[in-house]
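> any chance you can model this:
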Amino acid sequence: MGLKLMYITNRPDVAKIAENAGVDRIFIDMEYIGKSERQGGMDTVQSHHTVEDIKRVKKAVHTSEIMVRVNPIHDATADYFSSKEEIDAVIKAGADVLMLPYFKAVDEVNEFVELVNGRAKTLPLVETPEAVGIIDEILKIKGIDEIFVGLNDLSLGYGKKFMFELLTDGTVEKLCLKFKLAGVPYGFGGIAALGKGMLPAEYIIREHYRLGSTCVILSRSFCNVSKINDLDEINTTFLDGIRGIRNLEQECKKYSDYFKENEQIVAEKVQMIRGNM
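Prediction:
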């Protein structure tokens, strides 16, 4: 099995293209509470998709799972419903996997798992230093199906200049070892197409294989549909991009002895990028 590839979109036509090209999960992103405040001014995806988006995308795909990032655990407000109501609505709309973002306490994850109550897969998103500090307790919670490390917010929490510094300072590696020992499938971060990105995707993918990761997000830059209007071009971008990733994965499976060299290259490139920021 290769990495589960996840792509964020609320467009049924793009979701269908992504599925046909080999994307395993269509990612609907409903998170908005607190997100703009902590990521203000950064070039990050802040989608605020809706329950109706889940329904529309669900109808468009057949084999890809629908993964939904809900909001952090919260009470109802005058403008938005509570976590319980949100989770119930998301599952009813057809979500297969629910992601809990930006948690800082064990109680939040416990409540999340209880609210889902086995009706969908659960995937806590480790993206705060507080979450890292309690990860041993988190991994004892029954009902967690997968776990993911969000490099962007976690790097902000640690005051890093470049999110992939967490790959070279031991943070991600220590977390992955804990996940592996707990028997919980895990992933981290996002990738562009091969040869693209400040740290090119091929180096990141090799790190996924070295660390035993099972999934990764295809970043907005992998196929930026806000800049590409032609569906044929979008289709070609997905087909070519995913073909390149899958070919590299075959190389990773066959030549695992080069991971140590790749680890050193990543460390050097991250140091160089950080020094230029």
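> for the stretch 101-250 of the chain, just list every one of the helices.
106-116, 129-133, 135-138, 151-157, 165-168, 171-182, 201-211, 231-254 (DSSP state H, counting those that start in this stretch).
> count the neighbours of residue 116 for me.
The number of residues packed near residue 116 is 23, by other C-beta atoms under 10 Å. Where you see a C-beta, it was placed from the backbone N, CA and C, and this is true even at glycine.
> could you measure it against residue 178, distance?
22 Å (C-beta to C-beta, to the nearest Å).
> with residue 160 instead?
Applying C-beta to C-beta to residue 160 and residue 178 gives a distance of 20 Å.
> try residue 136
Applying C-beta to C-beta to residue 136 and residue 178 gives a distance of 7 Å.
> ok, the two, which is more surrounded?
Between residue 136 and residue 178, counted using other C-beta under 10 Å, the more crowded position is residue 178 (17 against 10).
> buried stuff in the helix or strand containing residue 57?
Using DSSP states H and E, residue 57 sits in helix 51-60. Across helix 51-60, burial judged by 16 or more other C-beta atoms under 10 Å covers 51, 53, 54, 56, 57, 58, 60.
> residue 149 contacts residue 189, doesn't it?
Yes: contact criterion C-beta atoms under 8 Å: residue 149 and residue 189 qualify, at 7.0 Å.
> contacting residues around the residue lying closest to residue 153 once chain neighbours are set aside?
In this structure, residue 153 finds its nearest non-sequential neighbour in residue 127, 3.9 Å apart by C-beta to C-beta, 6 or more residues apart in numbering. Contacts for residue 127 (C-beta atoms under 8 Å, 6 or more residues apart in numbering) come out as 101, 102, 149, 150, 151, 152, 153, 154, 157.
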